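[1] Here you go, sequence then predicted model.
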Amino acid sequence: MERQQRRIYITQLLKQRSVDITEKQSALLEAYIDSEEVIEQCRLISVTTDTLVMNLQENIALSNIREKLLQLPNGTVDKPYTQTFSLTQYGLEKIASFTLQFPESLGINYDQQTGQISGVPLEQGEFRVRMFFKLTNQSDPEKTHEKEIAFVVNPDPKKLWRNIPSSADSIYWKPDEVKELTTMLGHKLAVASKRGRSHAHEGIFRDDDFEYFFDEQTGYALIAVADGAGSAQFSRKGSQLACEAVVNYFKQIPAEEYKQLDDVITAYHAQKDEASKNALNEFLTQRFSKAPFEAHQQIAAFAAELAKNSGKEVKLKEFATTILFVLLRKFDFGYSVMSFSVGDGGMGIYRRGEEVMMLGTPDGGEFAGQTRFLTMPEIFADTSFYKRIGFRIVQDFTAIVVMSDGITDPKFQTDANLARIEKWDELWDDLGGKNNDGAVVNFSHDNENTAAELLAWMDFWSPGNHDDRTIAILY
Amino acid sequence: MRKLPVYLLLDTSGSMTGEPIEAVKNGVQVLISTLRQDPHALETAYISVITFDSSARQLIPLTDLASFQMQEIRATGTTAFGEALNLLAQCIDREVARGSAEMKGDWKPLVFIMTDGSPTDQWQNGLAELKKRKTGVIVACAAGSGADTNVLKQITDVVVGLDTADSSTIKAFFKWVSASISTGSQKVENSGTEVGGLNELPPPPPEVNIVV
């Protein structure tokens, strides 16, 4: 302490202790503070108070650090993890130096030199990372303090999914996956349908279905895809009934009527005159409203029959299903494509790199999971019913695709994207092998494995998208 | 990807001091670690925590389970319940995507409310705001005998009660919440529909009583 400091210190001390100093005594005091004894005592006091304050500060800093809930950003098993660990990011400015110690077998290390935490976590769980540190200006320079940091390693979601076969003894059972390859209209049709992971995890059924036919004699082909509502108890049967009913309906139309339709389409293509337009509209409004209605009726009858036999109430909505179908015919000027859709999923006529014509608009809602079903009687009364019906003539195509929302949700994300050629090109490239799974679908006509390859491709991983997947590709 | 948003509204008023607040903190931790083992939830569920005492704040914005980290909570002050409901309405506007041609909508949010007292603010205004939003099931939990179940009844049909706000009871509640979120995420993925009401949630454990 300097003389002035000593003077102030002692004066204050005396005041604190209520020792009054008279005018006469003050000269004595001035001499006293210069004495060697006082100088030494003051020095000791100074050292002691400094240590006291320092220790106190150190304890406060330590307790602040100890109180902090420190967590590293979460990692995921088998996924490379890199983080820069900085003291300021955690408000740990009082720390002068530190090291981090991860549990030994975790596969994560801290590099003191670069300040990087990196590695590939080998184990999932909630771990404690030990931080050993020293404070700035700590009283005992040798002392190391310790603090735990929480570190969560998430499991790999892919490994959490189970694959439990559905019970073949159950009512309305159908195989968990199906694939078919056939020839129609001088093209090949590959169809694959596979139970979603969320169903496989529970050991429940595939609710999607499909059906098709090609009549050599009339030259007409039909492809139908249906997606049974997961919430409905018997929707796996509903989707099957819907596809079968639609196929049967168009099979039963007399060859004569198809012949007339050929003429109407040819005339319409050539002249676009009122008469052929009306005749075409007549066919579409008649047949394309009766076919889905017929399917609706057949499902209703099936439900009524079940109710009768079981003696229990069976609601039609227990068979809720969507339906998408196309009726196709090849002409010398191109292809006629008639379509109908209720519910989500998507259909399109795709010409690679050039154009996609969407068939129908998916029925979506404001929130996820709101769609329309063939089993809802109100869809037939709705004024927008005829918007469900579509007609196109195309010269050529790369593919005509009909797919359930198990495919459109992950591959197109939004309804608007279904109309974008870039997204279709992406899908086509993806099918051709541009994916992370090494899955390739070879669409050459002499490949006999196209459907099997398509089924394998459908195993693709997309977080949160684990619905049943069905896709029919005419190529 | 369609999120399943889950909002936890937690009372952090002064009366929660001590064991209850610690139990809530642990409860959320247990909830998160349990859900992380469920593949449906891990991929679809997003969790947000809103706390309310003398005012309400969104402690944790809507976050996917894999990145979720619980923050410190402390019990203090009064019970601004209305403000919390109002804040929830705003958070839903901001964080829950509505479907359009350009975007698939999220699932309707699940809401879990836990309180041990009576509102000290004009809670009806907050409720009026919340009612304008579309939500999935709202579960309100009255923790201990001090909670006003009459208020909760006006917010939702699904009101449950805990006889005491001790740690094992609160833990049981959060385990049930976790099972309910699992059911919810399973339901949206399997069937494309949301949980409709209490009858579609897993049965509550004995510690959690249904208030009728």
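    Received it, and whenever you're ready, just let me know what you need.

[2] residue ranges for the strands of chain B, please.
    Using DSSP state E, the strands of chain B run over B:4-11, B:45-52, B:56-64, B:110-115, B:138-143, B:158-162, B:208-210.

[3] you'd agree residue A:249 is up against residue A:297?
    No - contact criterion Cβ atoms under 8 Å: residue A:249 and residue A:297 do not qualify, at 10.6 Å. For the C-beta atoms, the positions are set from N, CA and C on the backbone; glycine is no exception.

[4] The two - which one has more neighbours?
    residue A:249 (19 against 12; other Cβ atoms under 10 Å in any protein chain shown).

[5] What residues does the more buried one make contact with?
    Contacts here follow Cβ atoms under 8 Å, 6 or more residues apart in numbering or on different chains; on that basis residue A:249 touches A:287, A:290, A:291, A:294, A:295.

[6] between the helix-or-strand element of chain B with minimal mean pLDDT and strand B:158-162, how big is the angle?
    Lowest on mean pLDDT, DSSP states H and E among the helices and strands of chain B sits helix B:167-191, with a mean of 85. Orientation check (axes from the mean of the first three to the mean of the last three Cα atoms, to 10 degrees): helix B:167-191 against strand B:158-162 gives 150 degrees.

[7] What residues sit buried inside helix B:167-191?
    Residues of helix B:167-191 classed as buried by neighbour count (16 or more other Cβ atoms under 10 Å in any protein chain shown): B:169-191.

[8] repeat for stretch A:253-272
    Buried, per 16+ other Cβ under 10 Å, within stretch A:253-272: A:253, A:258, A:261, A:262, A:264, A:265, A:267, A:268.

[9] can you count the residues close to residue 103?
    I went with chain A, as the question did not name one. 14.

[10] try chain B instead
    16.

[11] what do you get for residue B:119?
    Residue B:119 has 23 nearby residues by other Cβ under 10 Å.

[12] List the residues that contact it.
    B:79, B:80, B:81, B:82, B:148, B:151.

[13] Please name whichever of these scores lowest on pLDDT.
    Among the contacts of residue B:119, residue B:148 carries the weakest pLDDT, at 89.

[14] how much space between the residue nearest to it when sequence neighbours are not counted and residue A:116?
    Leaving aside its sequence neighbours, residue B:148 sits nearest to residue B:118 (Cβ to Cβ, 6 or more residues apart in numbering or on different chains; 4.0 Å). Note on residue B:118: its distance to residue A:116, by Cβ to Cβ, to the nearest Å, is 51 Å.

[15] ok, residue A:120 to residue A:108 distance?
    Residue A:120 is 8 Å from residue A:108, by Cβ to Cβ.

[16] Quick check: neighbours shared by those two?
    Common neighbours of residue A:120 and residue A:108 (Cβ under 8 Å, 6+ apart) are residue A:81.

[17] More neighbours: the two, which one.
    residue A:108 (22 against 14).

[18] State the phi and psi torsions of that one.
    Main-chain dihedrals, residue A:108, degrees, to the nearest 10: phi -120, psi 140.

[19] again with the one 5 residues further on
    In this entry, residue A:113 is assigned phi and psi values of phi -70, psi -50 (degrees, to the nearest 10).

[20] can I assume residue A:347 sits in a strand?
    Yes - applying DSSP: H, G, I helix; E, B strand; the rest coil, one finds residue A:347 inside a strand.

[21] quick one: low-confidence ranges for the chain?
    In the absence of a named chain, this looks at chain A. A:364-370 (pLDDT under 70).

[22] Actually, chain B is the one I wanted.
    Using pLDDT under 70, chain B drops low at B:189-192.

[23] Spell out which residues of it are next to chain A.
    With Cβ under 8 Å from any Cβ of the partner chain as the criterion, chain B comes near chain A at residues B:1-2, B:33, B:36-40, B:42-44, B:65-69, B:71-72, B:98-108, B:134, B:186-194.

[24] now do 6 Å
    Chain B has residues B:1-2, B:36, B:39, B:42-44, B:66-67, B:69, B:72, B:98-99, B:101-105, B:107-108, B:189-193 near chain A, with proximity defined as Cβ under 6 Å from any Cβ of the partner chain.

[25] can you tell me how far the residue of chain B positioned farthest from its centre sits from residue A:362?
    Distance from the centre of chain B peaks at residue B:101, with 30.0 Å (Cα atoms, centre = their mean). Distance, residue B:101 to residue A:362, by Cβ to Cβ: 9 Å.

[26] Likewise for residue A:77?
    Taken as Cβ to Cβ, the span from residue A:77 to residue A:362 is 36 Å.

[27] Counting neighbours, go ahead and name the busier of those two.
    Neighbours per residue, other Cβ under 10 Å: of residue A:77 and residue A:362, the larger number sits with residue A:362, 23 against 19.

[28] Just confirm the more buried one is within a helix.
    No - counting by three-state DSSP, residue A:362 is not part of a helix but coil.

[29] Excluding sequence neighbours, find me the nearest residue to it.
    Using Cβ to Cβ, 6+ apart, the nearest residue to residue A:362 is residue A:344, at 4.5 Å.

[30] which residues does the spatially most central residue of chain B bridge with?
    With distances taken as Cα atoms, centre = their mean, residue B:112 lies nearest the centre of chain B, 2.1 Å away. Per DSSP bridges, residues listed as beta-bridge partners of residue B:112: residue B:8, residue B:139.
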